[in-house]
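Enquirer: Pasting the sequence and the predicted coordinates here, then a few questions.
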Amino acid sequence: MNISIFGLGYVGCVSLGCLAKNGHKVIGVDINEYKVNLINNGLPTIIEKEIGNIINEEHSKSKISATTCAKEAVHSSEISIICVGTPSSPHGHLNLDYIHKTAEQIGEAIADKEDFHVIVVRSTVMPGTNQKIGQIIENYSGKKRGEHFSVVSNPEFLREGSAVKDYYNPSVTVIGGDHEVALSKVSSLYENLKAPIIQTDIEVAEIIKYVNNSYHALKISFANEVGNICKSLNIDSHKVMDIFCKDTLLNISPAYFKPGFAYGGSCLPKDLKGIVTLAHDNYLTTPVLNAVHESNELQKQIAFELIQNTGKKNIALMGLSFKEDTDDLRYSPSVDIAEKLIGKGFNLTIYDKNVHISKLVGANKIFIEKLLPHLSDLITNDPDEALDNADVVLLNHKNFDPSNYMDKLKSKDALIDLVRIPELESMSNYAGLCW
Ligand SMILES: NC(=O)c1ccc[n+]([C@@H]2O[C@H](COP(=O)([O-])OP(=O)(O)OC[C@H]3O[C@@H](n4cnc5c(N)ncnc54)[C@H](O)[C@@H]3O)[C@@H](O)[C@H]2O)c1
């Protein structure tokens, strides 16, 4: 395929070399003449393992060239890949000036181009940017997105220092768009890689890079705080984290990674509090660990506000224990919600298939008697009774099977779902907590 690449920095130079090595004819574009001259002399624009040889070899086979002229590049290609910089503004916003300028140039260039053109955004951009790029190209070309051109999001995941290796070995290739032909054309660029290709919504593709990098930053800071705590106790932090990483069931795994309601139970809140207090006692500051509790409390507040905003007073809470298939009420976030609702004058009816007042014993009983002393007046073992009393239903357990109650659920003012029950999502009165 004939491909043009806008921006010959780290991402652009690697893409230029690797796509040419994969058999494509690639023309690079940059506003920096020096970088253009480097490429046209068979030299890379960056210092990076292997890239020097690749650029040199592909240049000698006339598979790569570069120009400062956007029009020349667009007219000699069917795909334009945008790899220009998206630096932070002083206030932390993304500076999209380079992206917008590139879109203008591509728009002007395709104005008199006959063939369908695909624009791929490889730069890291906020959700909505591809939409904006499409509008700019429409304005500058007089052409219609989806008819004469398409904009596709294809975030780059490489790391400097191992960029070529990362280019050829991504975990996944993400391609977001709404045009079948464009999606399959862009997918074909990566079909020789081992990684799965995921075609998805354009906004999903746009945000994924931010989610990935925020998580990577979180991992580093988490490990560093663990290191600081371990050092203060004369414990080898690397030994600790080596073992931590061996747990691929709960630690390094998809476990706990579905957005949803707050955590609770007898272990997570207690043990987090324990380690934060230990750190504090050792004169350590652990902002990441400290913030976890605050974030958890916020999730309860968000759920509460969803209920409050309905303006209704009669609430059914379906599921009280801290997770389904247990009767453990200790530090259950829905006990907190229940307590708050009662305190604010809501009428609450609770159904939980595993919670039977007469069977509660020990620490579980003591805990709930302290927080919800009138639980026996609020709880029912009949889901119909809970639903009949309510204008708003708060769904807290996934094991609640809605199929027998669809008519009742439909008639409610609001269904607030903390666990994502798929059968309910299409209902007009449905609100997911964080989806
Ligand atoms: N560097 C990385 O490791 C990495 C990894 C993944 C994603 N990204 C993202 O990829 C994008 C590019 O990053 P980078 O590190 O390669 O940037 P860079 O600053 O190294 O290169 C950007 C290039 O774009 C050129 N440019 C600016 N405006 C242009 C225009 N109108 N036409 C043509 N060229 C133009 C600049 O002259 C520069 O050479 C950013 O959004 C970045 O966040 C970077």
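Expert: Looks like it came in fine.
Enquirer: next one: phi and psi at the single nearest residue of the stretch 201-350 of the chain relative to the ligand?
Expert: Here the stretch 201-350 of the chain gets closest to the ligand at one residue, residue 209, 6.8 Å apart by C-beta to the nearest ligand atom. C-beta: built from backbone N, CA, C; applies to glycine. Phi and psi for residue 209, reported as degrees, to the nearest 10, are phi -60, psi -40.
Enquirer: per-residue pLDDT, the residue of the chain found nearest the ligand?
Expert: As assessed by C-beta to the nearest ligand atom, the ligand sits closest to residue 9 within the chain, at 1.9 Å. pLDDT, residue 9: 97.
Enquirer: can you count the residues close to the closest residue to it other than its chain neighbours?
Expert: Closest residue in space to residue 9, ignoring its immediate chain neighbours: residue 85 at 6.3 Å, by C-beta to C-beta, 6 or more residues apart in numbering. Applying other C-beta atoms under 10 Å, we find 15 residues neighbouring residue 85.
Enquirer: if I pick residue 85, what's in contact with it?
Expert: By C-beta atoms under 8 Å, 6 or more residues apart in numbering, the contact list for residue 85 reads 7, 9, 98, 123.
Enquirer: Can you tell me the element it falls in?
Expert: In this assignment (DSSP states H and E), residue 85 forms part of neither any helix nor any strand.
Enquirer: Near residue 242, how many other residues are there?
Expert: 10.
Enquirer: Please apply the same query to the one 4 residues further on.
Expert: The burial count assigned to residue 246 is 10, neighbours taken as other C-beta under 10 Å.
Enquirer: what does residue 191 give?
Expert: The burial count for residue 191: 10, using other C-beta under 10 Å.
Enquirer: what bridges to the nearest residue to it once chain neighbours are set aside?
Expert: Among residues not flanking residue 191 along the chain, residue 197 sits closest, at 7.3 Å (C-beta to C-beta, 6+ apart). Beta-bridge pairing of residue 197, defined through DSSP bridges, involves residue 173.
Enquirer: residues in contact with the residue of the stretch 201-350 of the chain closest to the ligand?
Expert: Going by C-beta under 8 Å, 6+ apart, the list of residues near residue 209 reads 124, 155-157.
Enquirer: and if you look at residue 132?
Expert: Applying C-beta under 8 Å, 6+ apart, the residues contacting residue 132 are 96, 100, 103.
Enquirer: Most neighbours among those, which one?
Expert: residue 103 (30 neighbours).
Enquirer: in which helix or strand would I find that residue?
Expert: Residue 103 belongs to helix 97-110, assigned by DSSP H and E.
Enquirer: what about that helix, average pLDDT?
Expert: On average, helix 97-110 scores 98.
Enquirer: Next, see if that helix gets close to the ligand.
Expert: Yes - counting by C-beta under 6 Å from any ligand atom, the ligand is contacted by helix 97-110 at 98, 101-102, 105.
Enquirer: Any chance of a markdown table for the residues you listed, columns distance to residue 346 and neighbour count?
Expert: Converted to a markdown table, those look like this (distance: C-beta to C-beta, whole Å; neighbours: other C-beta atoms under 10 Å):
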| residue | distance to residue 346 | neighbour count |
| --- | --- | --- |
| 98 | 52 | 17 |
| 101 | 54 | 15 |
| 102 | 54 | 26 |
| 105 | 58 | 22 |
